[in-house]
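>>> pasting the structure only:
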């Protein structure tokens, strides 16, 4: 179910029903979340031991390498978003690929950014040449994409790093191209492809090529 706030954000989007739509996540798709988090943790006396595709259980104290409990990890993540949302590096190639694809598609960013940092994330998008509409979601993303699909009668492409979000969309929405995009190659190697995805990649060259070819096959030709 959509909250009133999320539905209001979706309803306010200036979308055309007959134009293809790209719905992209932010963290680890267009923003280098893990690299940024590692920098934040180092500054604060912690480090991230990437032994699995998870943050909880993998954050450790620098002084003795003890594992940080889940509640403290959640607090550290909240502090990270508050401090560094506008400091993240963009994923290489993201801005150029989306700019090229924007000539053939509509683009929105569907991010589970904390509400207090929503404005900061929009400023970050603008600063890095990706000034697309931002929807601050919460939880699985299938309901939001289903709401979008009800109004879009053209191909939809959904990009996310988290398999549960891809599964959520797959379960609730028919006929959506699912791209499992993980910018950090270490995380991509730990996870492998999500069961529901049509493409698993760390590269915007690959994502751009897949989307462009799918648009061509669907008859939405144009500059690439």
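Thanks, I have the structure now. What you see is a predicted model, and the numbers here were worked out from it, not measured in a lab.

>>> what's the strand or helix carrying residue 60 packed up against?
Per DSSP states H and E, residue 60 falls inside strand 59-61. Where contact means 3 or more Cβ pairs under 8 Å, 6 or more residues apart in numbering; DSSP states H and E, strand 59-61 is packed against strand 46-48. For every residue, glycine as well, the C-beta is placed using N, CA and C.

>>> try 10 Å
helix 33-43, strand 46-48, helix 70-84 (3 or more Cβ pairs under 10 Å, 6 or more residues apart in numbering; DSSP states H and E).

>>> and those as CSV, adding distance to residue 61?
Below are those laid out as CSV (distance: least, Cβ to Cβ, whole Å):
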stretch, distance to residue 61
helix 33-43, 10
strand 46-48, 6
helix 70-84, 10
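
>>> so which of these gets nearest residue 155?
helix 33-43 (27.0 Å; Cβ to Cβ).

>>> what comes up buried for that closest one?
Buried residues in helix 33-43, counted by 16 or more other Cβ atoms under 10 Å: 33, 34, 36, 37, 38, 39, 40, 41.

>>> now these in a markdown table, with pLDDT and distance to residue 12?
Shown next, in a markdown table, are the buried residues of helix 33-43 (pLDDT from 0 to 100; distance: Cβ to Cβ, whole Å):
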| residue | pLDDT | distance to residue 12 |
| --- | --- | --- |
| 33 | 97 | 26 |
| 34 | 96 | 31 |
| 36 | 98 | 29 |
| 37 | 97 | 30 |
| 38 | 97 | 35 |
| 39 | 97 | 34 |
| 40 | 98 | 32 |
| 41 | 97 | 36 |
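
>>> Tell me the spacing between the residue nearest the centre of the chain and residue 194.
Taking Cα atoms, centre = their mean as the criterion, residue 25 is the residue nearest the geometric centre of the chain, at 1.8 Å. Applying Cβ to Cβ, to the nearest Å, the value for residue 25 to residue 194 is 13 Å.
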